[in-house]
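Colleague: sharing a model prediction with you, sequence too.
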Amino acid sequence: MATTATSKLPLDWITQSPTMAYRYVYLLKVYSIPPTLVVNNDQIKVHLTPNRSEITWEPKGTKRVQVLGLKDNKQMTMVVSCNIVGNLLPP
């Protein structure tokens, strides 16, 4: 897998972590933001059709198994979110 700029940590990541946490706490207190409104998102690809060739529905020991859609790359992007309290939000 190729390394991208987003997968590298900055050199001072240890000092940035507490500073970012203090910023969150400050902004939540100053602007009276409920913690349930602080949301973290990520996206993941979801294949519309299963593309795992090692799984079939034929009886074990069958001599010939036809597999369809091996090169089917149809997929959608799903956004997964949760809030700071730990509630998983619907996709």
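Modeller: All right, it came through fine. Numbering: from 1, shown residues only.

Colleague: residues in contact with the helix or strand bottoming out on mean pLDDT in the chain?
Modeller: For the chain, scoring each helix and strand by mean pLDDT, DSSP states H and E identifies strand 39-47 as the least confident one, at a mean of 88. The set of residues that contact strand 39-47 without belonging to it, under Cβ atoms under 8 Å, 6 or more residues apart in numbering, is 72-84, 89. Placement of C-beta: from N, CA and C, glycine included.

Colleague: that strand: what's the following helix or strand?
Modeller: Once the chain leaves strand 39-47, the next helix or strand it forms, by DSSP states H and E, is strand 75-83.

Colleague: which strands and helices sit next to that next one?
Modeller: strand 39-47, strand 88-89 (3 or more Cβ pairs under 8 Å, 6 or more residues apart in numbering; DSSP states H and E).

Colleague: what about N83, neighbour count?
Modeller: For N83, the tally of surrounding residues (other Cβ atoms under 10 Å) stands at 15.

Colleague: pLDDT wise, what is it at?
Modeller: What the model reports as pLDDT for N83 is 93.

Colleague: which residues does it bridge with?
Modeller: In this structure, N83 bridges to V39 when assessed by DSSP bridges.

Colleague: distance to S17 for the helices and strands packed on strand 75-83 - can I get that in CSV?
Modeller: CSV is the format used below for these (distance: least, Cβ to Cβ, whole Å):
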stretch, distance to S17
strand 39-47, 15
strand 88-89, 23
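
Colleague: separation between I33 and I84?
Modeller: 10 Å (Cβ to Cβ, to the nearest Å).
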